[in-house]
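K.L.:
Take a look and give me a structure for this.
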Amino acid sequence: MNQKLFFTALIVLFVLSGVSHYGHWGTIPEFILSALAILFVAGFLGKATESVAHYAGQRLGGFLNATFGNAAELIIAIFLVRAGEFEMVKASITGSIIGNLLLVLGLSVLLGGLKYKEQTFNVQLAGHNSSLMILAVIALFIPAIFVSAEHFSIDQDRTLSISIAAILIIAYILWLIFSMITHKSILADEEVTTPDHGEEPAWSKTMSIVFLVVATVMTALVSEWLVHTLDSFSERFSLSAIFVGAFLIAIVGNAAEHSAAILLAMKNKIGAAVEIAVGSSLQIALFVAPVLVFVSMLFGETMDLVFTTIELAAIGVAVFIATSISRDGRTNWYEGALLLCVYVILGFAFYLV
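P.N.:
Numbers count the residues shown, from 1 in each chain. Next up, the predicted model:
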């Protein structure tokens with residue numbers, strides 16, 4: 001899709017989504033228009049972030065892409081927290097983690113591997129990412145196990161969740177200092193040059209930043225319109241909150257990461273693609289989820305970090321296979337296919353809940 005056609009579709013869908021929301025067109029038209037609009041808005045966000053990343057470098061660019069790619073999910077989650085939809089928030093967190101590790105990384109590795117026989121990235125970065133993913137699993141498992149086994153009171157549950165949330169935020173900040181400052185040179189990827197790497201960014205540095213801000217504002221608006229339709233849409237089609245949160249919201253919210261990571265992998269920049277996919281999952285688990293605990297306190301009711309058994313199983317399975325595949329710093333198309341197989345298996349299981 002050329003740039004003019006993309007922006008035309010973006011503006012038309014954004015306007016129609018807003019009109020359908022404020023004009024009360026009905027659940028199905030509102031949901032479809034909001035979902036389509038957020039896909040294009042997330043694509044716009046991805047383009048703007050990729051343009052900014054061109055000026056910031058590959059690792060920092062990957063981090064920025066993951067951060068702004070998560071903006072849609074964070075904003076959707078905040079509106080859900082405000083509405084008291086904690087079950088759907090946790091499902092969307094689960095879906096975002098497994099979606100990035102299995103769907104985004106899987107498609108990137110598959111399509112990049114079909115073009116290049118084997119792709120490599122920094123093996124030390126892969127090892128640290130694996131350790132951080134295991135930390136995320138431990139942090140989410142502990143509240144569920146202790147609250148259930150020791151029959152914690154509501155106050156004990158909240159105290160444990162707030163404590164773990166604070167520790168995870170500190171751990172994430174320390175990781176940024178470690179990876180971006182003190183050990184930046186060790187974790188940097190070697191630049192791989194191929195004929196299509198020299199393309200110029202679509203916009204200037206200033207325009208890229210302006211578009212990044214505009215795209216984030218548009219994401220916030222469309223996210224609120226989408227959240228408004230979720231309850232009635234779920235009831236209309238007899239879908240569980242966990243399926244809607246873990247797959248529908250996650251797939252829509254991950255649109256920016258999908259496009260950016262896949263394009264980078266197909267340019268043989270698998271390191272940046274992994275930074276987006278795995279980095280985004282880590283950011284959700286170690287920063288976004290804990291931040292939502294503190295955000296919920298502002299609305300008068302604290303969200304805990306007690307996830308259901310099936311959510312924990314899904315996260316554990318995703319982390320296990322993603323760690324197994326990425327730890328050696330090498331990827332091929334078959335490993336991408338394996339990640340996608342696990343995602344489809346989980347999709348069927350969640351749908352039947």
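K.L.:
C-alpha only now, for contacts and for neighbours.
P.N.:
Noted.
K.L.:
pLDDT on the longest helix along the chain, on average?
P.N.:
For the chain, the helix that runs over the most residues, judged by DSSP state H, is helix 205-236. Over the span of helix 205-236, the pLDDT mean works out to 80.
K.L.:
any low-confidence regions in this structure?
P.N.:
Scanning the chain with the threshold set as pLDDT under 70 gives 1, 53, 56-59, 61-62, 65-66, 69, 72, 188-201, 250, 252-257.
K.L.:
how about the strands in it?
P.N.:
Using DSSP state E, the strands of the chain run over 119-120, 330-331.
K.L.:
So what are the sheet partners of the first one and their directions?
P.N.:
For strand 119-120, sheet partners with direction are given as strand 330-331 (antiparallel), following DSSP bridges.
K.L.:
what's the most buried one of the strands of the chain?
P.N.:
Among these, ranked by average contacts under mean count of other Cα atoms under 10 Å, first place goes to strand 330-331 (a mean of 20).
K.L.:
Compute the number of surrounding residues for residue 124.
P.N.:
Around residue 124 sit 15 other residues, with neighbours defined as other Cα atoms under 10 Å.
K.L.:
Distance check, the nearest residue to residue 105 once chain neighbours are set aside against residue 183.
P.N.:
Leaving out its chain neighbours, the residue that sits closest to residue 105 by Cα to Cα, 6 or more residues apart in numbering is residue 277, at 5.5 Å. From residue 277 over to residue 183 the distance is 21 Å, taken as Cα to Cα, to the nearest Å.
K.L.:
Could you check which of those two has the larger neighbour count?
P.N.:
Between residue 277 and residue 183, counted using other Cα under 10 Å, residue 277 has the larger neighbour count: 32 against 12.
K.L.:
The more buried one touches residue 96, doesn't it?
P.N.:
No - counting by Cα atoms under 8 Å, residue 277 sits too far from residue 96 to count as a contact (10.1 Å).
K.L.:
for residue 338, what are its contacts?
P.N.:
Each residue near residue 338 by Cα atoms under 8 Å, 6 or more residues apart in numbering is listed here: residue 106.
K.L.:
I'd like to know how far it sits from residue 150.
P.N.:
Counting by Cα to Cα, the separation of residue 338 from residue 150 is 38 Å.
K.L.:
unless I'm mixing things up, residue 329 is touching residue 123, no?
P.N.:
Yes - using Cα under 8 Å, residue 329 is in contact with residue 123, at 4.4 Å.
K.L.:
Give the residues shared as contacts by those two.
P.N.:
When contacts are counted by Cα under 8 Å, 6+ apart, residue 329 and residue 123 have no shared neighbour.
K.L.:
In this structure residue 275 contacts residue 63, no?
P.N.:
Yes - at 6.7 Å, residue 275 and residue 63 qualify as touching, with contact defined as Cα under 8 Å.
K.L.:
Fine by me, we can end here.
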